[in-house]
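Engineer: sequence and predicted model, in that order:
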Amino acid sequence: MSATLKVNGQVMTTKGVPNDTPLLWVLREELGLTGVKYGCGAGVCGACTVTIDDVAVRACVTSLEEALGKSVVTIEAVTASRSNPVQAAWIAEEVPQCGYCQPGMVMATIGLLKANPDPTDAEIDEAITNICRCGTYPQIRLAIHRAARAMAAAKA
């Protein structure tokens, strides 16, 4: 049994992986994309957040089958060029502390800004439900607003 996925703009194939395998384990164990983190395994903490067709999803509760035929993006694609406005805002606002949750936070933010390019604080709080043990939520909110401004300026 093999499956073909489009991940970070590249076609990748898995072999011998059942379609009901969580996408998290396919990305980490089969494709070597370890920026996707395991946190709770129940879709609550958000450490495993990736985007599928520009929508933020929790990879630990998303099956391989749900990702087939769609475009999956992980933190590796975002950080590779160091040109993503969300990553730049994260650095400028000095968001990361321990850093464990940050890949998922960045991916959740990318999904949010794709759907809502100018979110309010309330909309950010509603959309970004990822857990940060270090409590960097105020910096995260500032970084999201900074990224939104940068993205709007780039479109103008």
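Structural biologist: Noted; the coordinates are in hand.

Engineer: pLDDT wise, what is the residue sitting nearest the centre point of the chain at?
Structural biologist: The structure's the chain has its C-alpha centroid closest to Met107; by Cα atoms, centre = their mean the separation is 2.2 Å. Per-residue confidence at Met107 stands at 97 (pLDDT).

Engineer: can you give me the distance of it to Val72?
Structural biologist: Distance, Met107 to Val72, using Cβ to Cβ, to the nearest Å: 11 Å. C-beta: built from backbone N, CA, C; applies to glycine.

Engineer: what do these two both touch?
Structural biologist: Between them, Met107 and Val72 share these contacting residues under Cβ atoms under 8 Å, 6 or more residues apart in numbering: 50-51.

Engineer: quick one: the strands in this structure?
Structural biologist: Ranges of strands within the chain are 2-7, 10-15, 49-52, 55-58, 71-73, based on DSSP state E.

Engineer: can you give me the helices for this protein?
Structural biologist: 23-25, 64-67, 75-80, 85-92, 102-115, 121-127, 137-155 (DSSP state H).

Engineer: comparing those, which yields the minimum mean pLDDT?
Structural biologist: helix 75-80 (a mean of 90).

Engineer: name the helices or strands packed onto it?
Structural biologist: helix 85-92, helix 102-115 (3 or more Cβ pairs under 8 Å, 6 or more residues apart in numbering; DSSP states H and E).

Engineer: ok, now which ones touch His127?
Structural biologist: Small correction: residue 127 is Ala, not His. Ala127 sits next to 108, 111-112, 115-116, 119 when contact means Cβ under 8 Å, 6+ apart.
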